[in-house]
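Novice: any chance you could fold what I've pasted below:
(2 chains)
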Amino acid sequence: MRISTVIKAVLAATAVTPLLCQAESTFNSTGASPSTAVAHVDFQITIPKFIFLRVGTGTGAVNAAGVFTTAPATNGAIDQITWAPGAAVLGNGTAIAGTGGDLTGGVETAVLVANNGTVTLTSSTAGALNDGGAGDTISYSTITTTASANHTATTLAAPALADGTTTTVTLTPTAPSKVIDQDAKWAYTWANNIVPAAGVYGGVNANNSRVTYTASVP
Amino acid sequence: MRRGSAHGVRRAFCAVLLTAASHGSFAYNVTLTPASPKMIYFQVGNGLFTGGNYTPIKGNGQPTGTPGTNTTINKVTVSVPAGVVGNGTAQAMTTDSAAANSYWDGYLFCNLPAQLYIGGFYRTTAAGTNTATVTATLAASLTDAAGDTLPFSQISWTTGGNGDAGAEPFPAGSFNATTLTVGSIGQNHWDESCWTFSYANTVVPAAGTYTGRVTYTLSAP
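Specialist: From the prediction side, this is the model:
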């Protein structure tokens, strides 16, 4: 009696269940209605680890979602930010915006995109700005970098400038993401709260003029 | 109907078949003679016919070859170069499918490794106007071993085989939903297309190898 019940159940299920075959080619000749054949395809996309950093003139921009609107590429241009305060205002404590930068007015575009977790962004200098042989100096601590929003929801913070050392900003993706995609406008301002000796400090890769920004990802 | 096919026999045969058919497109779809038993054959990537192709058709309406089951699941892959991740330039995907020739007549239909064959037939014992539809089901995203995700919607495809012209039975599309209709086969038809997949590359995913399986289902009434 129990066996009979099971057989009936199987037959009933067969009668109402459409025949289904699974493979990547399938033929079905049972005449069942409806009849079904199934195949599969596996998709695979390999994404390499990469990191992109732009400070100033460069190639690569992102939109509010952190998606590239200009394709990233290597661009060897190095911008120069300069100040030339007038004698009447020198050392009066009123900060002075720089000139130059890809956005002009001493403002640089900054973009950082990476896809493998926490990013460290550093700035380093060889020492205080100096005027060459005279030995006079202006400390990098008198130059402030102010980050303001450009396109992305999160503004890319700028590491502070310091004499002969490295400062670090740590950027941690919001879990579960491992992607950092941030940009900003970095505005450089000189504090003008001292009266240095007359002279030209720094230059183009001279007299400790160059700041090196480095981004790294695990 | 193939346009400009060098296979005169195939072209002539199709022309005869299509003369009597009501099918209006000019991609590769041909009308079959109704025969018993009712049968469907569905192939995505590698397939199997033994003893020959469907044509030439025997006097009793049966195909020369016998359709069979091939359990190989093909892959469609792309490895994005480091310098272009997320730059918006679409990346061509390739397949490991070996199915270049159609089992309809052996014609070199798909170009490997760029194209993936999809096709088959829906034959019934009498004439009719039903349609067998092909649906794709998939997850919203591909995933990697670390659990990172990459939207399936980044993958799209174009369609067209050698010698084709006009509307395809399996048209171009993209994985913009987790269930979508991707084509159809008319009653008593052999329909086929070749798909060329592309990765949009408009997002920056975490580094990793992302995989995902799409299930294609041919359902005949």
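Novice: quick one: contacts for residue B:186?
Specialist: Neighbour list for residue B:186: B:23, B:29, B:122, B:129-132 [criterion: Cβ atoms under 8 Å, 6 or more residues apart in numbering or on different chains]. C-beta coordinates here come from the backbone N, C-alpha and C atoms, glycine included.
Novice: among those, who's most crowded?
Specialist: Neighbour counts for those peak at residue B:122, which has 30 neighbours (criterion: other Cβ atoms under 10 Å in any protein chain shown).
Novice: residues in contact with it?
Specialist: Shown in contact with residue B:122 (Cβ under 8 Å, 6+ apart): B:40, B:130, B:132, B:185-189, B:218, B:220.
Novice: distance between the strand or helix carrying it and the chain's centre?
Specialist: Residue B:122 is part of strand B:115-123 when elements are defined by DSSP states H and E. How far strand B:115-123 lies from its chain's middle: 5 Å, per Cα atoms, centre = their mean, to the nearest Å.
Novice: list the buried residues in it.
Specialist: Buried residues in strand B:115-123, counting neighbours by 16 or more other Cβ atoms under 10 Å in any protein chain shown, are found at B:115-123.
Novice: list the pairing partners of it within its sheet, with orientation.
Specialist: The pairing partners recorded for strand B:115-123 under DSSP bridges are strand B:39-44 (antiparallel), strand B:189-199 (antiparallel).
Novice: please save the CA atoms from that strand in PDB.
Specialist: This file holds the C-alpha atoms of strand B:115-123, laid out as PDB (Å, rounded to 0.1, in the frame of the first residue of the first chain):
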ATOM      1  CA  GLN B 115      31.900  35.200 -30.600                       C
ATOM      2  CA  LEU B 116      29.700  32.700 -28.700                       C
ATOM      3  CA  TYR B 117      27.300  30.600 -30.600                       C
ATOM      4  CA  ILE B 118      23.600  30.500 -29.400                       C
ATOM      5  CA  GLY B 119      20.900  28.700 -31.300                       C
ATOM      6  CA  GLY B 120      18.900  25.600 -31.800                       C
ATOM      7  CA  PHE B 121      15.600  24.400 -33.100                       C
ATOM      8  CA  TYR B 122      12.000  24.000 -32.000                       C
ATOM      9  CA  ARG B 123      10.300  21.400 -34.100                       C
END
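Novice: any idea of the mean pLDDT in that strand?
Specialist: Strand B:115-123 shows a mean pLDDT of 97 in the predicted model.
Novice: give the next helix or strand downstream of it.
Specialist: Read in the C-terminal direction, the helix or strand following strand B:115-123 is strand B:131-137, with elements assigned using DSSP H and E.
Novice: quick check: angle from that following strand to strand B:115-123?
Specialist: If you take axes from the mean of the first three to the mean of the last three Cα atoms, to 10 degrees, strand B:131-137 sits at 140 degrees to strand B:115-123.
Novice: quick one: buried residues of strand B:131-137?
Specialist: B:132, B:134, B:136.
Novice: now, which of the residues you listed sits nearest residue B:79?
Specialist: residue B:136 (23.5 Å; Cβ to Cβ).
Novice: the closest one: what's it in contact with?
Specialist: Counting by Cβ under 8 Å, 6+ apart, residue B:136 touches B:175, B:179-182, B:214-217.
Novice: may I see the buried residues of strand B:131-137 organised as TSV, with pLDDT added?
Specialist: Shown next, in TSV, are the buried residues of strand B:131-137 (pLDDT from 0 to 100):
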residue	pLDDT
B:132	97
B:134	98
B:136	98
